[in-house]
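Peer 1: quick one: sequence plus predicted model below, questions after.
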Amino acid sequence: MLVLGQDEKAKYPFLADAGEYLKDKGFSLVQFGSDPVLKLSVEKALHRIKVAAAGEVYKSDLIDGQASKDYVLEREVFSFLLAIVLIKLTGMSTLIKRFALAEARRAENYLEKDLGNASNKSKIDLATRIIYDLFNIEIIKENDFFVIPVSDYLKHSVTFHEREWKLINRHVENGKVFLTPDKTVRLIRKELGNYISSKIINAPKPSMIPGLENIVDELILISKKLTPTYTIITGEYPPCIKHAIDVLEKGENLPHSGRFMLATFLLSRGQTVQQIAPLFKNAPDYNPRVTFYQLNHLAGTSGSATKYTCPSCEKLKTQDLCFITKECDNIINPLQFGKKRKQ
Amino acid sequence: MNETDIKFLEDSFKKYYFNHFDLISSPQRTPEREFGYQKFNSGMFRHISLKDDKELHLLFMQNIPSDVYCSNAYYSFPNSPMSEKDWKEADLIFDIDAKDLDLSCRKNHTISICNECNEVSKDVNQCEKCNSTKLEKKSLPCKNCIDASKIEVNKLSNVLIDDLGIDKENIYVYFSGNEGFHVYVFNSQFQKIGSKERSELVDYIMFRGVIPETFGMKKFKPNRSLFPDFNQKGWNGRFSKQVFGSKSKRSKIISELLDNGYSSFQKLLDNVSENIGVKIDPNVTMDIHRIFRLPGSINSKSGLTKILCTDLTKFDPYTDACFLNDDSVEVLANCPIEFKLKNKKFGPYINEKISLPTYAAVYLICKKLAIIA
Ligand code: SF4
Ligand SMILES: [Zn+2]
Ligand SMILES: [Zn+2]
């Protein structure tokens, strides 16, 4: 297993062994319920979860993965470990999902920076070792690129739908694929999220810590207010729409044309902007203000007179958004899906 | 096929197997493979497991199969039903077939057999005798077919070695026994990848699904410095050779490409794909549960042997894969085109009773162009 420095633990807190870490520092969980100084870490943990629940990425107090004071680093790790404890205490799976995703995004940023840090070999080594230890992918730096065996690349990239990720669109030489730091990290995004969520799921559920009851209640309330994305998926949707929802739920990037299709489809099916907006929460570039503006625009409720409608199957085919199955039954627009066609 | 013909083919095949077991390479890790075979006029027997060479030979002598197959996959339980076999890994296999190459020579050596009245004629769309459109096509591939297939095999080897990092020693090229080649790759990094991943490899090898950005063309603010050059490895280099032709023309052609824009570049890529992409059968490579003709066994579509080509350039299937004996036999032949086997010319025969060496008689009977007289 990796031996990590304090600053590395702060960047990649999911690598730290929670119990061990606390013991090392000489604390027990109960103390966090009462000790006023440690309570600062609890507040930070709460903040961390709230940010994740809102679909955003928590910005830590680290600057370039460094902090001037040791206790800042310590609090970074504490707040992560405590966040897991709090989430376990709420028992809400929506929170696990959101938190894991947000933390994966955060770690992704650091991994990308560490890999791209040409001047600091030890940082690159750490990042490549994390990727190797966690996902069993051997990455070797070659000039400005990271090379990985073609077979490893394929195992991860086949689930991506963008054509850019097809092997033919990569630089391949001698059985290796050449990737930039950001693509390297992007390749393992899903696994990183899975790793963090499985860590949370597998962590033992602690008993309630006296003093933290209110916080836990608050989190339960927050979680209940979140519209879990799947609740709006009712009725049978055509494959193209299912696929688009799938991509978003996985936190992958859906091209603009795909978002347009999805939004216009759902709007035509009578869903409201408020119902649809949360779907886009997981998108890597999610911005609530912009999303609402765009959705309102499409719905024709924001001044413009035009109401947009869902593109035809033919159009979607040219945009690589069609995933036709025999259930599509020769329809010409996804909106016709499932409705019997007149002969 | 009638009893007499079957009897004759079985006798000839049996003699070959009895004398040429040395040619039948029992595959590495035999006990982990699934075997299958067919007999003349009967269905397929699959899900067979064999311990070693001895059992393999026994299968041949006991059943006198028309065709024998072996999986590229390795299983824990090869003789269980597919869902319980426990797939472990599979060799990478490519199929290159002359019939998929759109060759202009094809129509010269394709024969139509009418399913209604058995009339045999050169390639037609409708029976000349009874006007039926139910025709069975038989091809007697020519040298051009074989040469064109060899070119594809060489293109494939280049991509496998240069791009995919496969050791030359692990690539085995076999003549399929009929119209093309099977290329096997052993012990590569790809042994354990599944069907989806293999289909990505296929697209890579066939140069399919390319986007303009990959070869330097951008939608916005394209930049000539991003275009590929001759000395680059992989598809960049091959693209350069195909599109620029020579070093002196490169700069001018890039200017043209930039002028023509993004969408015409995409069209260019699709055209280029026809030329530089390797023409393999995608379904074969993607299928990780398939059984393939066993090297050394006879292909009942021709009576020729599926055999390893050690020197592809010199390889001539009509001498090097033709192992049946010369004993002469009387047949009633109806073959409107000429063919060559073991350096001897035969035909054309128009409903003639003639005496032929066994290997030629088998060839015609397998193609349904003759019967034992
Ligand atoms: S055929 Fe139409 S409805 Fe079906 S997947 Fe394609 S675009 Fe969607
Ligand atoms: Zn006829
Ligand atoms: Zn030909």
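Peer 2: Done, it's in. Ligands and ions are numbered 1, 2, ... in the order given.
Peer 1: what sits against the residue of the stretch 251-373 of chain B found nearest ligand 1?
Peer 2: With CB to the nearest ligand atom as the measure, residue B:266 is the residue of the stretch 251-373 of chain B nearest to ligand 1, at 20.8 Å. No exception for glycine: its C-beta is placed from N, CA and C like everyone else's. Each residue near residue B:266 by CB atoms under 8 Å, 6 or more residues apart in numbering or on different chains is listed here: B:211, B:212.
Peer 1: tell me if it really is in a helix.
Peer 2: Yes. Under DSSP: H, G, I helix; E, B strand; the rest coil, residue B:266 falls within a helix.
Peer 1: that one and residue B:67, how far apart?
Peer 2: 43 Å (CB to CB, to the nearest Å).
Peer 1: near ligand 1, which residues of chain A are found?
Peer 2: Contact residues (CB under 6 Å from any ligand atom) of chain A with ligand 1: A:238, A:239, A:240, A:313, A:316, A:322, A:323, A:324, A:328, A:331, A:334, A:337.
Peer 1: keep only those of those that are in helices.
Peer 2: Helix and strand membership here follows DSSP state H; of the residues of chain A next to ligand 1, those in helices are A:239, A:240, A:313, A:316.
Peer 1: between those residues, identify the one with the most neighbours.
Peer 2: Taking other CB atoms under 10 Å in any protein chain shown as the neighbour criterion, residue A:240 ranks highest of those with 26 neighbours.
Peer 1: could you chop the chain up by domain?
Peer 2: Reading this off chain A. A:6-134+A:188-226, A:138-185, A:239-342 (automatic domain parsing).
Peer 1: please refer instead to chain B.
Peer 2: B:3-100+B:142-203+B:282-323, B:209-276.
Peer 1: wait, which of those is closest to ligand 3?
Peer 2: Minimum separation from ligand 3 across the domains of chain B (CB to the ion) falls at domain B:3-100+B:142-203+B:282-323, 3.4 Å.
Peer 1: is chain A contacted by the closest one?
Peer 2: Yes. Legend: contact between domain B:3-100+B:142-203+B:282-323 and chain A by CB under 8 Å from any CB of the partner chain is shown at B:162-166, B:189-190, B:192-193, B:196-197, B:200-201, B:203.
Peer 1: okay, helices next: where are they in the stretch 151-300 of chain A?
Peer 2: A:181-187, A:189-202, A:213-225, A:239-249, A:256-268, A:273-276, A:288-299 (DSSP state H, counting those that start in this stretch).
Peer 1: can I get the ones you listed in JSON lines including mean pLDDT and distance to residue A:8?
Peer 2: Conversion of the helices of the stretch 151-300 of chain A to JSON lines gives the following (pLDDT from 0 to 100; distance: least, CB to CB, whole Å):
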{"stretch": "helix A:181-187", "mean pLDDT": "90", "distance to residue A:8": "16"}
{"stretch": "helix A:189-202", "mean pLDDT": "85", "distance to residue A:8": "16"}
{"stretch": "helix A:213-225", "mean pLDDT": "87", "distance to residue A:8": "28"}
{"stretch": "helix A:239-249", "mean pLDDT": "86", "distance to residue A:8": "31"}
{"stretch": "helix A:256-268", "mean pLDDT": "89", "distance to residue A:8": "37"}
{"stretch": "helix A:273-276", "mean pLDDT": "82", "distance to residue A:8": "40"}
{"stretch": "helix A:288-299", "mean pLDDT": "80", "distance to residue A:8": "33"}
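Peer 1: got those as TSV, with distance to residue B:336 columns?
Peer 2: Below are the helices of the stretch 151-300 of chain A laid out as TSV (distance: least, CB to CB, whole Å):
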stretch	distance to residue B:336
helix A:181-187	58
helix A:189-202	60
helix A:213-225	79
helix A:239-249	50
helix A:256-268	56
helix A:273-276	68
helix A:288-299	66
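Peer 1: for ligand 3, what's its nearest residue on chain A.
Peer 2: Of the residues in chain A, the one nearest ligand 3 is residue A:168, at a distance of 30.0 Å by CB to the ion.
Peer 1: quick one: residues contacting that residue.
Peer 2: Residue A:168 sits next to B:203, B:204, B:207, B:208, B:209, B:210, B:214, B:235 when contact means CB under 8 Å, 6+ apart.
Peer 1: run through the bridge partners of residue B:344.
Peer 2: Judged by DSSP bridges, the bridge partners of residue B:344 are residue B:341.
Peer 1: count of neighbours near residue A:141?
Peer 2: Burial of residue A:141 is recorded as 17 neighbouring residues (other CB under 10 Å).
Peer 1: spit out the contact partners of the closest residue to it other than its chain neighbours.
Peer 2: Of all residues not flanking residue A:141 in the chain, residue A:124 sits nearest, at 6.0 Å (CB to CB, 6 or more residues apart in numbering or on different chains). Residue A:124 makes contact with A:114, A:115, A:117, A:141, according to CB under 8 Å, 6+ apart.
Peer 1: which of those has the weakest pLDDT?
Peer 2: The pLDDT minimum for these sits at residue A:117, where the score is 80.
Peer 1: quick one, what contacts the closest residue to residue A:52 other than its chain neighbours?
Peer 2: Excluding the flanking residues, the one nearest residue A:52 by CB to CB, 6+ apart is residue A:102, at 3.5 Å. Contact analysis of residue A:102 by CB under 8 Å, 6+ apart lists A:51, A:52, A:55, A:56, A:57, A:58.
Peer 1: need the residues you listed in a markdown table with pLDDT, secondary structure and distance to residue B:122, can you?
Peer 2: As requested, these are exported to a markdown table (pLDDT from 0 to 100; DSSP: H, G, I helix; E, B strand; the rest coil; distance: CB to CB, whole Å):
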| residue | pLDDT | secondary structure | distance to residue B:122 |
| --- | --- | --- | --- |
| A:51 | 90 | helix | 76 |
| A:52 | 90 | helix | 73 |
| A:55 | 80 | coil | 69 |
| A:56 | 82 | coil | 73 |
| A:57 | 82 | coil | 71 |
| A:58 | 81 | coil | 76 |
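Peer 1: top of those by neighbour count?
Peer 2: residue A:52 (24 neighbours).
Peer 1: distance of it relative to ligand 1?
Peer 2: Using CB to the nearest ligand atom, to the nearest Å, we find residue A:52 at a distance of 33 Å from ligand 1.
Peer 1: what residues are up against that residue?
Peer 2: Residue A:52 makes contact with A:58, A:95, A:98, A:99, A:101, A:102, A:103, according to CB under 8 Å, 6+ apart.
Peer 1: go with 7 Å
Peer 2: A:58, A:98, A:99, A:102, A:103 (CB atoms under 7 Å, 6 or more residues apart in numbering or on different chains).
Peer 1: just residue B:329 next, same as before
Peer 2: When contacts are taken as CB under 7 Å, 6+ apart, residue B:329 is in contact with B:356, B:358, B:361, B:372.
Peer 1: looking at these, state which has the most neighbours.
Peer 2: Neighbour count (other CB under 10 Å) singles out residue B:361 as the most crowded of those, with 29 neighbours.
Peer 1: where do the strands of chain A begin and end?
Peer 2: Ranges of strands within chain A are A:140-142, A:145-149, A:171-173, A:176-179, based on DSSP state E.
Peer 1: need these in TSV (columns: distance to residue B:121).
Peer 2: As requested, the strands of chain A are exported to TSV (distance: least, CB to CB, whole Å):
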stretch	distance to residue B:121
strand A:140-142	61
strand A:145-149	54
strand A:171-173	48
strand A:176-179	53
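Peer 1: out of those strands, nearest to residue B:35?
Peer 2: For the strands of chain A, distance to residue B:35 was read as CB to CB. The smallest value, 31.6 Å, belongs to strand A:145-149.
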